[in-house]
Structures are given as C-alpha cells and as structure tokens.
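Novice: got a sequence here, can you build the structure:
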Amino acid sequence: MILNLDLFAQALAVGACLVIVLRCEGTINHMTRTTPLLVRMAFWLLLVGAVGSATCILLAGDVPPWPAVIGVWGAALMLFCPRRLRYLAHRPKGRAEA
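Specialist: Numbers count the residues shown, from 1 in each chain. Predicted structure coming up:
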C-alpha cells in the first residue's frame, strides 16, 4: 500500500512539474524588457524548481512529501489564473473612479 501511495505522489508531482514547465516556458518567452525583474525572477525560479524536482523524482526516485505535492499543484494551478495585478489587488471603486 505504501508503494502505491509513493508512486501516486511521484506521478502527481511530476504532472504538476510538467504543467509548470509548459506554462512558464511560454510566459518567459513572451516577456519584454519592461517586465519587472521580480516577475522575471519568479517565473524563472518556478521553472528551475520544477525541472529540478522532476529530475530528482525521475532519476533518483525521490518521493515528495504530500504537503509539497499539494503546494506544487497550487503553484501549477495558479499559472492558469490571470496575471494582471488589478485582479490580485481588487479594490472597490471610489467616487473619483466611478
């Protein structure tokens, strides 16, 4: 039973890493010179972390802990959300903006 859960955790983590790699690669390619450095670094670090995690799982057979699997899926699903700051910092309209 433990072996099946370990394989399931590995498969879920590799799947999430694959989603992160596919989404980050396209996003990084579409960045311009005006993209803030913090955004560039965030996507680059997500990409490097996903490739490193998938490599450790596939080559060394590492089994990720369940909180890490849930966290990597959260990051992968976050990449499907709109990445405009106005969506993340939603503020009510004031009288001047109405």
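Novice: kindly export stretch 56-75 (C-alpha atoms) in PDB.
Specialist: C-alpha atoms of stretch 56-75 as PDB (Å, rounded to 0.1, in the frame of the first residue of the first chain):
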ATOM      1  CA  CYS A  56      15.100  14.200  -8.700                       C
ATOM      2  CA  ILE A  57      11.800  12.200  -8.900                       C
ATOM      3  CA  LEU A  58      12.500  10.600 -12.200                       C
ATOM      4  CA  LEU A  59      16.300   9.900 -11.900                       C
ATOM      5  CA  ALA A  60      16.800   9.300  -8.200                       C
ATOM      6  CA  GLY A  61      13.300   8.000  -7.300                       C
ATOM      7  CA  ASP A  62      12.700  10.600  -4.600                       C
ATOM      8  CA  VAL A  63       9.300  10.600  -3.100                       C
ATOM      9  CA  PRO A  64       7.900  14.100  -2.400                       C
ATOM     10  CA  PRO A  65       6.000  14.700   0.900                       C
ATOM     11  CA  TRP A  66       2.300  15.200   0.500                       C
ATOM     12  CA  PRO A  67       2.400  18.900   1.500                       C
ATOM     13  CA  ALA A  68       4.900  19.500  -1.300                       C
ATOM     14  CA  VAL A  69       2.700  17.700  -3.800                       C
ATOM     15  CA  ILE A  70      -0.200  19.900  -2.800                       C
ATOM     16  CA  GLY A  71       1.900  23.000  -2.900                       C
ATOM     17  CA  VAL A  72       3.300  22.300  -6.300                       C
ATOM     18  CA  TRP A  73      -0.200  21.700  -7.700                       C
ATOM     19  CA  GLY A  74      -1.200  25.000  -6.100                       C
ATOM     20  CA  ALA A  75       1.600  26.800  -8.000                       C
END
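Novice: now that stretch: average pLDDT?
Specialist: For stretch 56-75, the mean pLDDT works out to 93.
Novice: buried residues, it. List them.
Specialist: For stretch 56-75, a neighbour-count test (16 or more other CB atoms under 10 Å) marks 57, 63-64, 69, 72-73, 75 as buried. All C-beta spots, glycine's among them, are computed from the backbone N, C-alpha and C.
Novice: name the nearest of those relative to Asp6.
Specialist: Val63 (4.6 Å; CB to CB).
Novice: just give the nearest non-adjacent residue to Ala13, would you?
Specialist: Pro64 (4.6 Å; CB to CB, 6 or more residues apart in numbering).
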